[in-house]
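Enquirer: with the sequence up front, the predicted model follows.
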There are 2 protein chains.
Amino acid sequence: MFSNSTKYAIRTIEYLLNHHGDEKLSVANLAKELDIPQPFLSKIMQQLSKGGVISSTKGRGGGFYLSKENMNRPLIDVVICIEGYNVFDKCILGLKECSDENPCLLHKYYKVFKGSLVKPIGQDSIEELLRTPSG
Amino acid sequence: MFSNSTKYAIRTIEYLLNHHGDEKLSVANLAKELDIPQPFLSKIMQQLSKGGVISSTKGRGGGFYLSKENMNRPLIDVVICIEGYNVFDKCILGLKECSDENPCLLHKYYKVFKGSLVKPIGQDSIEELLRTPSG
DNA sequence: AGATAATAAGATATTTTTATCCTAATAAAA
DNA sequence: TTTTATTAGGATAAAAATATCTTATTATCT
C-alpha cells in the first residue's frame, strides 16, 4: 500500500507532533529514535520540507518541527508529497477504468476501506488525526 | 498494496475463470486480452503454475486453465504465491509490533479494511469470490 | 570573526521489481 | 515422423525504490 518512504514519513511526523514543544529535532536524533536509516530519512525530510508539510531551521540548535500551518494540513498531503499522487485514487487491481458503474473485482471491498481510512486521512488535519490516541 | 505482479495475477485468474469451458488459453492470448506485457505475464503464470494455483498443459492446443482444485483455493493463495507472504499480515506503517493492544496510528482503520476485504479473500474460494458479479 | 552543529543537496551504490529475450521440452496434429 | 504451437526455464536488461556518502550552505554560539 504505502512505500517505505511514506511509512517512514508518517511515523516521523507522528513522532514530531508528539514531541512538539521540545527543541527541534535533528535527523540523527529522529533516525535513531524511530530506527530508520539516517541518510534515507534525511532525503525524505528534505522532500517533506520542500513540499511544505514540515518545517526546518538550519544551523546550531536547528532541526525539524511542525508549524501551526503544517499541523493543519490533512495527512494525505504527506502521502501525496512522497508518492506524487493520492495512492487511493487508483484502482486496487490497477484498472484504468474502475468505478461504481464499472467496478473491478475488489472494488466494493476497497470502497469500504476508503470510507474508513482514506476519508479521515483526507479530511482531518495532521494534528487531529495523530494527536488522538489510536486503537 | 499489491505489486503489479499480483494485480496481473488476480486479473488473469478472473479472466481464466470467466472463460472456463472454452479451450485452454495461451499466454499470448491472455496478455493481449488483458493488456499485460506478454513475457512478464509468462513469468507470473509459471510461478502460479508451480505454486499449484493454476494448471497448464504443454504442446499444441495447450494453455492455462483452472482445475476444480484450483478453483477451491482461497484467493489469498494467489497473493501468497506471488508475494511470498500474506501482505495483510503486516502493519500498514511497517511496525514490527502492531496489535490491538499496541496499535500503530492507522491500526483501527486498517482493521476495518481487513475485516471487509481480507476476510473474504482469505476464506472464500476463487470460484465463489470471482464468479459473483462485483459491485 | 571563527568554530560548531545542523540542514540542503547532489552524486552514487545497492536491491527489488518489472520486463524482455532466447532456447529447451512437450504434446498434438498433419 | 515431422511440423507446429505451446509451456518451461534460464539468462539478461531496464527501471524504480531504497540506501549511502560526500560536500555545500546556513545559523547560532563563543
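Expert: Ah, there it is. Owing to the predicted nature of the structure, the values given are computational and were not obtained by experimental measurement.

Enquirer: hmm, the longest helix along chain A in reach of DNA strand C?
Expert: Criterion DSSP state H: the longest helix present in chain A is helix A:4-18. No: figure legend: helix A:4-18 not in contact with DNA strand C (Cβ under 7 Å from any atom of the strand); closest approach 10.1 Å. C-betas here are computed from N, CA, C, even on glycine.

Enquirer: and the very next helix or strand once past that helix, which residues are buried?
Expert: Once helix A:4-18 ends, the next helix or strand along the chain (criterion: DSSP states H and E) is helix A:27-34. By neighbour count on 16 or more other Cβ atoms under 10 Å in any protein chain shown, the buried set for helix A:27-34 is A:27, A:29-31.

Enquirer: counting by contacts, list what the following helix or strand past helix A:27-34 packs against.
Expert: Downstream of helix A:27-34, the next assigned helix or strand under DSSP H and E is helix A:38-50. Contact partners of helix A:38-50 among helices and strands, from 3 or more Cβ pairs under 8 Å, 6 or more residues apart in numbering or on different chains; DSSP states H and E: helix A:4-18, helix A:27-34, strand A:55-57, helix A:76-83.

Enquirer: can you lay out the ones you listed as CSV showing distance to A:Ser116 and mean pLDDT?
Expert: Putting the helices and strands packed on helix A:38-50 into CSV (distance: least, Cβ to Cβ, whole Å; pLDDT from 0 to 100) gives the following:
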stretch, distance to A:Ser116, mean pLDDT
helix A:4-18, 17, 90
helix A:27-34, 26, 86
strand A:55-57, 30, 89
helix A:76-83, 14, 90
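
Enquirer: looking at the ones you listed, which is nearest to DNA strand D?
Expert: Of all those, helix A:4-18 sits nearest to DNA strand D, with 3.6 Å by Cβ to the nearest atom of the strand.

Enquirer: mind checking if that closest one is in reach of chain B?
Expert: Yes: Helix A:4-18 reaches chain B (Cβ under 8 Å from any Cβ of the partner chain) through A:4, A:7-8, A:10-11, A:14.

Enquirer: what sits against the residue nearest to A:Ser49 when sequence neighbours are not counted?
Expert: Nearest non-adjacent residue to A:Ser49, counting by Cβ to Cβ, 6 or more residues apart in numbering or on different chains: A:Ser56, 5.1 Å away. A:Ser56 is in contact with A:24, A:45, A:49, A:62-65, counting by Cβ atoms under 8 Å, 6 or more residues apart in numbering or on different chains.
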